[in-house]
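> What shape does this take:
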Amino acid sequence: MRHLIISERIEALECQGAALVIRREQAPLQTIPLRRLETLVFLHSVSLPSRLISTAGELGIALVYINSHQLRRSFAIIPPGSVLANLRLKQLFLNGDTQQRIHWVRRGLQIKLHYLYKQVWRCHIRRPDHRRLLTRVLGTIAKCRKELLDVSDLDALRGLEGKAQQAWFGALRYLLPASLGFNSRQRQPPPDPVNALLSLTYTQIYLLAWEACLMVGLDPAIGFFHECVANRQSLACDLMEPLRPVAELWVLQLFNQQVFRSRDFSVQTSLNSGNSCYLSASALKRYQLLFEQQRNSWKRLLLKYCRVFRDQLNQWELRWPTNSNG
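Just a heads-up that it's a prediction; the model follows:
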């Protein structure tokens, strides 16, 4: 029980001596020795008594509160020298270690291109009318996967990912109804229904990845593939990359099965940004219900990636720089 996640709603928390007391409605008290914990994570709003905060600090226990509805309001209280403090220190070191970053970028892209190849192969089987085109895409992805092993430069690794992704998006326009007007991937603003639904789905997965990072004790802002910039959770962006191909195939199926059509979207025109395409209010409600059906499986996969990354970081021995002048 070193990393305890309290996922259900509780009535109150108390700290009695070196024990955590959890009160639930119509349930017996639960008492947990704090010395058995390294991290305590709360997924619902709860009042943290000052005695619990101070005792946790003395024992080196990190407290993490996650606001699932407004992740920016989540916070962590991390005592110096705690397991979580050391973990986040290792994230910072990794971010500044080019060789370590190359290792993790290559590993992440291997997983992503594996999923991308798998999704394109499914289309290859289901769409014999575009088999020649999809065969070329499969060849491009396979070549990029092979070249990943020989490249030792971050920009070159990113270039291989971009090349494989561009080949897939180039084919995607032929797999979708022409009436949707999809020609290429455009982010801000999305000019057509396909780009609009892709952007919305990516955002939903990004939020799941952000929450997954917090749940396992990682700092979602310190990544290795995406650069750390203001107002972006770079590690969440990194860890969601392998899910992008899965999400793209899901969006393709939604349109090809006519779950969503052009009439479910509206276009707003702006002098500054041009045309912006959005789901109508009723269609957005349908989308949320459909996304909820995917949510748990996608979140489990993201949690798996987060735990693997965390466990590997915990095994990594920091080597502090030495002063040659003594």
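
> give the contact list for M215.
I5, V41, L43, V64, I66, L303, C306 (C-beta atoms under 8 Å, 6 or more residues apart in numbering). C-beta here means a position set from N, CA and C on the backbone, and glycine is covered the same way.

> Which ChimeraX command selects the buried ones in these?
Entered in ChimeraX, the line below selects the buried ones among those, by 16 or more other C-beta atoms under 10 Å:
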select :41,43,64,66,303,306
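
> of the contacts of M215, closest to P28?
I5 (20.2 Å; C-beta to C-beta).

> my read is that closest one is in a strand, agree?
Yes. The assignment for I5 (DSSP: H, G, I helix; E, B strand; the rest coil) places it in a strand.

> Nearest to Q165, out of the contacts of M215: which one, please.
Using C-beta to C-beta, C306 comes nearest to Q165 of the contacts of M215, at 22.9 Å.

> for the stretch 1-150 of the chain, what spans make up the strands?
Ranges of strands in the stretch 1-150 of the chain, per DSSP state E, counting those that start in this stretch, are 3-6, 12-16, 19-23, 30-33, 39-42, 62-65, 75-77.

> Tabulate these in a markdown table, adding columns for distance to R295.
Output for these, formatted as a markdown table (distance: least, C-beta to C-beta, whole Å):
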| stretch | distance to R295 |
| --- | --- |
| strand 3-6 | 17 |
| strand 12-16 | 28 |
| strand 19-23 | 27 |
| strand 30-33 | 28 |
| strand 39-42 | 19 |
| strand 62-65 | 21 |
| strand 75-77 | 24 |
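
> can you tell which of the ones you listed is closest to S50?
For the strands of the stretch 1-150 of the chain, the distance to S50 is smallest for strand 12-16, at 8.9 Å, taking C-beta to C-beta.

> in that closest one, what's buried?
Neighbour-count burial for strand 12-16 [16+ other C-beta under 10 Å]: L13, C15.

> Residue numbering should commence at 27 henceforth.
With the count now opening at 27, the last piece we talked about shows up as strand 38-42.

> For it, give the mean pLDDT please.
Averaging pLDDT along strand 38-42 yields 90.

> Stretch 286-293 too?
In this model, stretch 286-293 has a mean pLDDT of 93.

> For it, C-alpha coordinates in PDB please.
What follows is stretch 286-293, C-alpha atoms only, in PDB (Å, rounded to 0.1, in the frame of the first residue of the first chain):
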ATOM      1  CA  PHE A 286     -21.700  11.600 -37.700                       C
ATOM      2  CA  ARG A 287     -22.400  13.400 -40.900                       C
ATOM      3  CA  SER A 288     -21.800  16.900 -42.200                       C
ATOM      4  CA  ARG A 289     -25.100  18.100 -40.900                       C
ATOM      5  CA  ASP A 290     -23.900  17.500 -37.300                       C
ATOM      6  CA  PHE A 291     -21.400  20.300 -37.700                       C
ATOM      7  CA  SER A 292     -21.500  24.000 -38.200                       C
ATOM      8  CA  VAL A 293     -18.900  26.400 -39.600                       C
END
